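Engineer: Just a sequence and a predicted model for now, questions to come.
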Amino acid sequence: MKHIGIIGAGAWGTALALVASRAGRTTLVWAFEREVAADININHRNEALLPGIELDPSIRATGDLAEAAAAADIVLLTVPAQFMRGVVAQLAPRLRAGTPLVICAKGIEVQTGALMSEVVAAALPRAPCAVLSGPTFADEIARGLPAAATLACTDTVLGRQIVEAIGGSFFRPYLADDPIGAQVGGAVKNTIAIGCGIVTGRRLGHSARAALITRGLAEMARLAVACGGRAETMMGLSGIGDLTLTCNAEKSRNYALGVALGQGKPLAELLAGRRSVVEGVYTAAAVVKLARRIGIEVPISAAVNAILHEGAAIDATIEALLARPFRSEGFGAKA
């Protein structure tokens, strides 16, 4: 796996390009915006989406999806979740048969409630696939700060090859075999983080935020199991690791948006003019739709969704959560 194609030149795609180049791989990034591709190729920077980071001159960018896919031994999919279906449909006829795909986006499709692996399989049903997820901020990864992530793949041999291709002393992928659980954890934690931000913005205290994180973890585990994953995956990097990072760090886009909402700022104003995607805003609606379909309760995600998309008042929604019946602690299917 010497040649790596990265589909998506956002902050995360650009950071992973640096990871791959540090691992000694030839890296070509597909950028939707021509100006982003030009910035990478000419100035060796991506100031629009990952400012202040110097890129290795060996990293190249292209606006041609076919070029990005043609020579790739492995393709990393980093486009936002809600754009994944359209991009993969365009990629499918351009990809060499058998080329492994690594899903690096964290989200659930709003229209269908599909996980990203299901979205990819619809266009490329025979493509080998893995999931990369975990507690990683793009700017920290780009600067070479130490981090670890889950590389989930049902094919252990392929998984080890991918780990060797992108792993290094400062970026450590840990191999796992539960792609469904890894995807659920990576997606739902963004919605929980918005809720934690609201708690902070409303000045409800550290204890309340800790409780929300813990019950959010139970919510993630129930959904993972119901989708065919495993509860224990939520105890790893793609579960509790990613959840604690996103729910506590001010640089988390989802947490920061929640804080601003809790302080009374309108959602439309917070989203206006953003180039980066706040995945939890879309995932909240998708989680609720998916949970209803499979028959489990996700009260925290439902509350966040109600505030984001249904015009629910924050204080009344919090009061309704706190008025729920007392129950046993655990990861029961309908708890």
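Structural biologist: Structure's in. What do you need? Numbering: from 1, shown residues only.
Engineer: Which residues are in contact with the residue most central in space within the chain?
Structural biologist: The centroid of the chain falls nearest to residue 106 when counting by Cα atoms, centre = their mean (2.1 Å). Listed by Cβ atoms under 8 Å, 6 or more residues apart in numbering, the contact set of residue 106 reads 81, 133, 183, 186-187, 189-190, 242, 279. (Glycine included, C-beta is placed from N, CA and C.)
Engineer: Surely it is in a strand?
Structural biologist: No - using DSSP: H, G, I helix; E, B strand; the rest coil, the secondary structure at residue 106 is coil, not a strand.
Engineer: Excluding covalently adjacent residues, which one is nearest to it?
Structural biologist: residue 186 (3.7 Å; Cβ to Cβ, 6 or more residues apart in numbering).
Engineer: Residue 301 versus residue 244, what's the distance?
Structural biologist: Look at residue 244 and residue 301: by Cβ to Cβ, to the nearest Å, they are 17 Å apart.
Engineer: Who has more neighbours out of those two?
Structural biologist: Set side by side, residue 244 and residue 301 show unequal neighbour counts under other Cβ atoms under 10 Å, the larger going to residue 301 at 27 against 17.
Engineer: and that one, what element?
Structural biologist: Assessed by DSSP states H and E, residue 301 sits inside helix 299-309.
Engineer: go on, residue 242?
Structural biologist: helix 242-248.
Engineer: what packs against that helix?
Structural biologist: Counting by 3 or more Cβ pairs under 8 Å, 6 or more residues apart in numbering; DSSP states H and E, the packing neighbours recorded for helix 242-248 are helix 179-201, helix 206-227, helix 253-262.
Engineer: of the contacts of residue 106, closest to residue 110?
Structural biologist: Ranked by distance to residue 110 (Cβ to Cβ), the contacts of residue 106 are led by residue 81 at 8.6 Å.
Engineer: List the buried residues of stretch 223-231.
Structural biologist: Along stretch 223-231, the positions that meet the burial threshold by neighbour count (16 or more other Cβ atoms under 10 Å) are 223-227, 229-231.
Engineer: Which segments of the chain make up each domain?
Structural biologist: Following automatic domain parsing, the chain resolves into domains at 3-177, 187-322.
Engineer: I'd guess residue 4 is in a strand, am I close?
Structural biologist: Yes - under the criterion used here (three-state DSSP), residue 4 sits inside a strand.
Engineer: how about low-confidence regions in the stretch 1-150 of the chain?
Structural biologist: Applying pLDDT under 70 to the stretch 1-150 of the chain flags no residue at all.
Engineer: residue boundaries of the helices in it?
Structural biologist: For the stretch 1-150 of the chain, applying DSSP state H, counting those that start in this stretch gives helices covering 11-22, 34-38, 65-70, 84-91, 116-123, 138-142.
Engineer: looking at those helices, which is closest to residue 268?
Structural biologist: Taking Cβ to Cβ as the criterion, residue 268 comes closest to helix 11-22 out of the helices of the stretch 1-150 of the chain, the separation being 23.0 Å.
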